[in-house]
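In: sequence first, predicted coordinates after that:
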There are 2 protein chains.
Amino acid sequence: MSGRAARRRVTMAEVARAAGVSVMTVSYAYGRPGRVSDEARAKVREAAERLGYPGPHPGARSLRSGRTGNLGVVLGEHLTYAFDDPQATRFLSGVAQVCADHGMALTLVPVTGSPSDVDRVTEAAVDAFVVWTTADDDPVIDAISATGLPAVVHGGPRRDGLSFVAADDRAAAAAVGREVFAGARRPGVLSFPLDRARLSGVTSGAPLDDAAPAGSGTLPPGGIDPDASTFRVTRRRLRGYRDAWAETGGEWSWVRVAVCSTNSAREAETLAAELLTGPHACDAIAAMGDELALGVLRAATRLGLTVPGDLTLSGWDDSDAAAPAGLTTIAQSLRDQGARCARIALGHPTPADRDTEVTWHLVSRTSTLRP
Amino acid sequence: MSGRAARRRVTMAEVARAAGVSVMTVSYAYGRPGRVSDEARAKVREAAERLGYPGPHPGARSLRSGRTGNLGVVLGEHLTYAFDDPQATRFLSGVAQVCADHGMALTLVPVTGSPSDVDRVTEAAVDAFVVWTTADDDPVIDAISATGLPAVVHGGPRRDGLSFVAADDRAAAAAVGREVFAGARRPGVLSFPLDRARLSGVTSGAPLDDAAPAGSGTLPPGGIDPDASTFRVTRRRLRGYRDAWAETGGEWSWVRVAVCSTNSAREAETLAAELLTGPHACDAIAAMGDELALGVLRAATRLGLTVPGDLTLSGWDDSDAAAPAGLTTIAQSLRDQGARCARIALGHPTPADRDTEVTWHLVSRTSTLRP
DNA sequence: TGACATGTGTGTAACGATACACAAATCAGC
DNA sequence: GCTGATTTGTGTATCGTTACACACATGTCA
């Protein structure tokens, strides 16, 4: 199997000779069947079949024609993430739908933070890129820019020359923050990673630092500065939460922040346990994803806390599990957003893609119904 | 965005001129950095940066070198299926893991049953293929064969020259069939599609045809012949169920078969409702997927039937939802199988990949605990 | 019938890179 | 200081296809 001798590829010229036509006729027979007569097409097909010609060499075709028939999706995550993370999965489902509509294949370009990432991107034989949220300082963005191919960035960062699709995360975070923080005395936030380092941990929550535990994990000491996050989505959600808390008269430094390195309920549960215990246990937690919120819910249950009695809680995305859990959340269709990104990247945007903002809305459920 | 003028690509020759070195030096600087001196590499890098050279053209590189850095995965389904279907998702996660390990990108080639499918396959710029279950008579298989590239087929069909990975579905189906059919008087099977037509429907279940309703949907009249299914996996599971039922002394023609066109609980629920009502209502159902079994469970609940009291039930795959539902099922790691397919396709099989069969085991839970 | 459009086949010249072979410079070992 | 190995740079040929321009036959319309 692995050692199978590579059969020499049959070439178009050989097919042409066997069919008694010119090379161009063969080329047209494949690339623009209407350009040749039925008779010639049949001769070509027969010869190709007989010789075992697999069709035009994709590399040669793309070299000459400048098209590949591939849309590249760059994921700032491990490749398996594309199939494991529910948010990424829904986004990609939308991308895939549009690819299928246009007869394009989908190439997933894994980008895991190693120096060779840039090579992966430049080596990708694609006609356009869709980029799933990455950090402002990710060199991959510049590499994509350098290719000169159409590219659409979802979530961030913004760049001149690259299209951009995202919801207004700050406004949405403020909306859900108002709900979850209303009447809270000790708010908390469960955040996505702040930057490419993807450190996880819990801040101690000033101004009670003197009494508080030092915070866990590997986060640098001191509070979290929302403006310092290099992930645009994270940054804007943090700002939105800050806005909401400020509206209640609170200071951001009172807000304890836990940062998850992954979008998993498992990790969230561990971190939430820290937020929910000790002298500064949170009584309201805004989580940046439903998965994370479900982790909080599990931690709360284990600690004997009730939601919303002892703790109000919000998630993000309105995933399938949100409604059964009574989770207040932000609904946005990642699938639609994926489709939109793909349409723009492929040069077939609908009028709505151009003119309409990405929509979101607050879904209020019992998890924020403070008694 | 869509109308952006395509910038002309900077070529390697231009970089070479700007850097004051030969084209080959530039080529080596990218493709084999150890082949050139640090000094030359720095000059090249600087010139490339200055001119905005995006790196070697992937098409040209693959034309000349014969390698693309892509693994192609052919899905005999709509492209969104890759991200929507839980089974496909786990399989692909394993494939993705191995791709990442070897620095390969992953290209999903959608194959939806249209005549252009074959073109999609031959146009795919990949170094090897992994094929997710398709029908014996799918022309795509021949197209893949014709490319001469290494290819691994998961589930079926088998072909000379193509590697093959699958569990022993017949034995596994017999094992779970024994469990679910034990003590049953009116068995049923909820099946995946039988062939590329993907017709759905319910057989009436001989030998009581005279009294039975004609069966619904678009299935051809008469019973289902397990041996006639062109999907190897479906065929072998049907045979296994038949084996198990035969061991109880039953005849295959007594088994009512419902065929789902998709792997969705929704469709399964509708079909199961038919299996569970009427004069020949089933008291045991073997489903080919956990998703389908969960659909049966919902239908049973709606009809006021208890499991396993009124109905024994089995699924397949031991997905996350199986344990909470008490579902007897066949456990197999599709992720491992995906990884194995990818390793073989990329020419890096482990000894275990070569020598060991794909494993499965029966997981007995309450859904087959007939009182 | 002439003028002009349309349909169909062909030859030539790229597309942008890398494999290969060779040459010059450098280095190690004695 | 000589030999052979290693390092590093270069020129040439070529990978397999399609864009383009042209040639010729046929069809259409006034």
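Out: The structure has been received and is ready for your questions.
In: if I look at the closest residue to DNA strand C within the stretch 201-350 of chain A, how far off is B:Pro110?
Out: Relative to DNA strand C, the nearest point of the stretch 201-350 of chain A is A:Gly347 (19.6 Å; Cβ to the nearest atom of the strand). From N, CA and C alone the C-beta is placed, and that goes for glycine too. Using Cβ to Cβ, to the nearest Å, A:Gly347 is found at 19 Å from B:Pro110.
In: what is the mean pLDDT for stretch A:134-150?
Out: In this model, stretch A:134-150 has a mean pLDDT of 92.
In: name the helix or strand for A:Val257, please.
Out: strand A:256-259 (DSSP states H and E).
In: who does that strand touch, helix- and strand-wise?
Out: Under the contact criterion of 3 or more Cβ pairs under 8 Å, 6 or more residues apart in numbering or on different chains; DSSP states H and E, strand A:256-259 touches strand A:187-191, strand A:201-202, helix A:265-275.
In: who are the neighbours in contact with A:Leu271?
Out: A:Leu190, A:Ser200, A:Gly201, A:Val202, A:Gly217, A:Ala258, A:Val259, A:Cys260, A:Gly295 (Cβ atoms under 8 Å, 6 or more residues apart in numbering or on different chains).
In: please redo it, this time with the cut-off set to 6 Å
Out: Neighbour list for A:Leu271: A:Val202, A:Ala258 [criterion: Cβ atoms under 6 Å, 6 or more residues apart in numbering or on different chains].
In: kindly report the same for A:Ala173.
Out: A:Arg237, A:Gly240, A:Tyr241.
In: please name the residues that touch the spatially most central residue of chain A.
Out: Ranked by distance to the mean C-alpha position of chain A (Cα atoms, centre = their mean), the top residue is A:Trp132 at 3.9 Å. By Cβ under 6 Å, 6+ apart, A:Trp132 lies in contact with A:Leu75, A:His154.
In: check what pLDDT the residue lying farthest from the centre of chain A gets.
Out: Most distant from the centre of chain A: A:Gly20, at 51.7 Å, with distances by Cα atoms, centre = their mean. Note on A:Gly20: pLDDT of 95.
In: same question, A:Asn263
Out: 89.
In: distance of it from chain B?
Out: As judged by Cβ to the nearest Cβ, to the nearest Å, A:Asn263 and chain B stand 15 Å apart.
In: likewise A:Ala339?
Out: From A:Ala339 to chain B the distance is 10 Å (Cβ to the nearest Cβ).
In: and what of A:Pro115?
Out: Counting by Cβ to the nearest Cβ, the gap from A:Pro115 to chain B is 11 Å.
In: and the helices in the stretch 251-371 of chain A?
Out: Under the criterion DSSP state H, counting those that start in this stretch, helices of the stretch 251-371 of chain A are mapped to A:265-275, A:290-302, A:334-345, A:351-355.
In: does chain B have contacts with the second one?
Out: It refers to helix A:290-302. No: remark: helix A:290-302 sits outside contact range of chain B, by Cβ under 6 Å from any Cβ of the partner chain, the gap being at least 13.1 Å.
In: what's around the closest residue to chain B within the stretch 251-371 of chain A, how many residues?
Out: At 4.0 Å from chain B, A:Gly347 is the closest residue in the stretch 251-371 of chain A, using Cβ to the nearest Cβ. Using other Cβ atoms under 10 Å in any protein chain shown, A:Gly347 has 14 neighbouring residues.
In: again, but for A:Asp310
Out: With other Cβ under 10 Å as criterion, A:Asp310 counts 14.
In: residues contacting the closest residue to it other than its chain neighbours?
Out: Nearest non-adjacent residue to A:Asp310, counting by Cβ to Cβ, 6 or more residues apart in numbering or on different chains: A:Asp283, 6.7 Å away. Taking Cβ under 6 Å, 6+ apart, we find A:Asp283 in contact with A:Ala184, A:Arg185, A:Arg186, A:Leu311.
In: please repeat the previous calculation with a cut-off of 10 Å.
Out: A:181, A:183-188, A:276, A:305, A:308-312, A:370 (Cβ atoms under 10 Å, 6 or more residues apart in numbering or on different chains).
In: what of A:Ser116?
Out: Taking Cβ under 10 Å, 6+ apart, one finds A:Glu123, B:Gly103 in contact with A:Ser116.
In: compare the helices of the stretch 251-371 of chain A and say which comes out lowest on pLDDT.
Out: helix A:351-355 (a mean of 91).
In: isn't A:Val95 right up against A:Val165?
Out: No: using Cβ atoms under 10 Å, A:Val95 is not in contact with A:Val165; the gap is 11.2 Å.
In: of those two, who's got more company?
Out: For A:Val95 versus A:Val165, neighbours defined as other Cβ under 10 Å are more numerous around A:Val95 (31 against 22).
In: just the pLDDT for that one.
Out: 95.
In: just the element for it, please.
Out: Counting by DSSP H and E, A:Val95 is found in helix A:86-101.
In: what average pLDDT does the helix or strand that comes right after that helix get?
Out: Proceeding N to C from helix A:86-101, the next assigned helix or strand is strand A:105-110, under DSSP H and E. For strand A:105-110, mean pLDDT is 89.
In: what are the pairing partners of strand A:105-110, and which direction each?
Out: Paired with strand A:105-110 in the same sheet, following DSSP bridges, are strand A:70-75 (parallel), strand B:105-110 (antiparallel).
In: the inter-axis angle of the first one versus helix B:86-101?
Out: Taking axes from the mean of the first three to the mean of the last three Cα atoms, to 10 degrees, one finds strand A:70-75 and helix B:86-101 inclined to each other by 80 degrees.
In: may I have strand A:70-75 as CSV, with CA atoms only?
Out: Taking C-alpha atoms only, strand A:70-75 is exported to CSV below (Å, rounded to 0.1, in the frame of the first residue of the first chain):
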residue,chain,number,x,y,z
ASN,A,70,-10.6,25.2,-3.8
LEU,A,71,-11.6,27.5,-1.0
GLY,A,72,-9.1,27.6,1.8
VAL,A,73,-10.3,27.9,5.4
VAL,A,74,-7.6,28.9,7.8
LEU,A,75,-8.3,27.8,11.4
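In: chain center to it: distance?
Out: 12 Å (Cα atoms, centre = their mean, to the nearest Å).
In: poorly predicted segments of chain A, please.
Out: For chain A, the stretches with pLDDT under 70 are A:1-7, A:204-222.
In: please redo it, this time with the cut-off set to 80
Out: A:1-8, A:76-81, A:110-116, A:204-223, A:371 (pLDDT under 80).
In: pipe the helices of the stretch 251-371 of chain A into TSV and attach distance to DNA strand D per row.
Out: TSV is the format used below for these (distance: least, Cβ to the nearest atom of the strand, whole Å):
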stretch	distance to DNA strand D
helix A:265-275	45
helix A:290-302	45
helix A:334-345	21
helix A:351-355	27
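In: B:Thr25: which of the ones you listed is closest?
Out: helix A:334-345 (34.6 Å; Cβ to Cβ).
In: could I get the full set of strands for chain A?
Out: A:70-75, A:105-110, A:128-132, A:151-154, A:163-165, A:187-191, A:201-202, A:256-259, A:284-287, A:312-314, A:329-331, A:361-363 (DSSP state E).
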